[in-house]
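In: predicted model, plus sequence, below.
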Amino acid sequence: MKIGINGTGLVQKASIEAIKADADKAAKDGFKSYWLAEHPTGGFDALTVLAVIASSVPDIEMGTAVVPTFPRHPMALAGQALTSQTALQGRLCLGIG
């Protein structure tokens, strides 16, 4: 069984450095994946944050718990997901809703 952890609580109130530290701790604690959701009322963009922290936390899968589709054009979301997947070297699991 693979167990992941959700760091979404940090998206609206923490720095990217804090999220990076949280993901690194999750990897060191043995979690197999780290997830961020995106809140439609504000906070960091989950895909961008995961792409930014990718090289600092290389040994864990990362995913978006939910990225809202209604505020984004499908092609823009697809391009952003492709860019993030490339930065994560194939470790991205995209959750949309």
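Out: Looks like it came in fine.

In: ranges for the helices of this structure?
Out: 16-28, 46-53, 74-87 (DSSP state H).

In: which residues does the first one contact?
Out: Taking CB atoms under 8 Å, 6 or more residues apart in numbering as the criterion, the residues outside helix 16-28 that touch it are 5, 7, 10-11, 14, 34, 36, 44, 49, 52-53, 56-57, 59-60, 62. The C-beta positions use only the backbone N, C-alpha and C, and glycine is treated the same way.

In: okay, the angle between it and helix 46-53?
Out: Between helix 16-28 and helix 46-53, the angle comes out at 80 degrees (axes from the mean of the first three to the mean of the last three CA atoms, to 10 degrees).

In: backbone torsions only: list them for residue 41.
Out: Per-residue torsions, residue 41: phi -90, psi 0 (degrees, to the nearest 10).

In: residues near it, how many?
Out: 5 (other CB atoms under 10 Å).

In: tell me the contacts of it?
Out: For residue 41, no contacting residues are found, by CB under 8 Å, 6+ apart.

In: next one: residue 31
Out: Counted by CB under 8 Å, 6+ apart, residue 31 has contacts 3, 4, 5, 60.
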